[in-house]
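Provided below are the primary sequence and the corresponding predicted coordinates.
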Amino acid sequence: MAKLTEQIRAELTEAMKAKNAEKLSTLRMLQSALKYQQIDAGHELSDEEALTVIRKAVKQRLDSIEQYEKGNRPELAAKERSEMVMLQAYLPPDLTDDEIEKGVREIIASTGAASKKDMGKVMKEATARYKGLVDGRKIQEIVSRLLP
């Protein structure tokens with residue numbers, strides 16, 4: 001069994017004992033998403049697969065925050081933001097733009113990409129290299145900035 005899913009399970013139990021309703025609610029949601037993915041995959045989730053589920057949950061929170069702020073619902077946006085912070089605690093630190101840009105430059109050089117027409121093959125390589133580490137939109141932004 002993956003170390004990350006065990007940690008989440010243990011923290012869920014701690015939250016129950018401490019009667020921390022907010023953390024308990026967030027961890028139950030996460031546990032449910034992990035279980036659903038495990039059933040879908042048909043095997044115990046690896047840490048990488050669990051991180052993918054957590055990243056998806058964080059992204060959902062970001063989208064919800066944006067919608068609640070547009071709808072003038074600051075109390076709901078604050079709740080989502082607090083859940084997002086709890087979920088981000090399980091994620092490794094994000095790569096800096098400079099680190100991503102350095103990697104993308106290497107990919108551009110290795111693929112021989114010369115213009116925006118070659119963006120597809122650069123994106124394919126970059127997405128594979130940074131799978132689960134960087135948001136695809138961030139990669140796309142850097143690739144389009146670097147290709148003439």
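Good, I have the coordinates. Remember, predicted model here, so these are calculated numbers, not experimental data.

distance of Met119 from Val134?
16 Å (C-beta to C-beta, to the nearest Å). From N, CA and C alone the C-beta is placed, and that goes for glycine too.

So those two - more neighbours on which side?
Higher neighbour count among Met119 and Val134: Val134, with 20 against 17, using other C-beta atoms under 10 Å.

And what about the more buried one, helix, strand or coil?
Judged by DSSP: H, G, I helix; E, B strand; the rest coil, the three-state class of Val134 is coil.

Was I right to think it contacts Ile100?
Yes - between Val134 and Ile100 there is a contact under C-beta atoms under 8 Å: 5.9 Å.

max-length helix in this protein?
Longest helix in the chain by number of residues, with DSSP state H as the criterion: helix 47-70.

neighbouring contacts of the helix or strand just after that helix?
Stepping forward along the backbone from helix 47-70, the first helix or strand reached (DSSP states H and E) is helix 74-88. For helix 74-88, the external contacting residues (C-beta atoms under 8 Å, 6 or more residues apart in numbering) are 22-23, 25-27, 29-30, 54, 57-58, 61-62, 64-65, 68-69.

Would you mind identifying the next helix or strand past helix 74-88?
From helix 74-88 onward toward the C-terminus, using DSSP H and E, the following helix or strand is helix 97-111.

helices or strands up against that following helix?
Contacts defined by 3 or more C-beta pairs under 8 Å, 6 or more residues apart in numbering; DSSP states H and E place helix 97-111 against helix 119-129, helix 136-146.

how about TSV for those, with mean pLDDT and distance to Pro74 added?
Output for the helices and strands packed on helix 97-111, formatted as TSV (pLDDT from 0 to 100; distance: least, C-beta to C-beta, whole Å):
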stretch	mean pLDDT	distance to Pro74
helix 119-129	85	35
helix 136-146	84	25
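
among those, which is nearest Pro93?
Taking C-beta to C-beta, helix 136-146 is the member of the helices and strands packed on helix 97-111 nearest to Pro93, at 14.2 Å.

Measure how far that closest one is from the centre of its chain, please.
17 Å (C-alpha atoms, centre = their mean, to the nearest Å).

List the buried residues for that helix?
Using 16 or more other C-beta atoms under 10 Å as the burial criterion, the residues of helix 136-146 that qualify are 138-139, 142-143.
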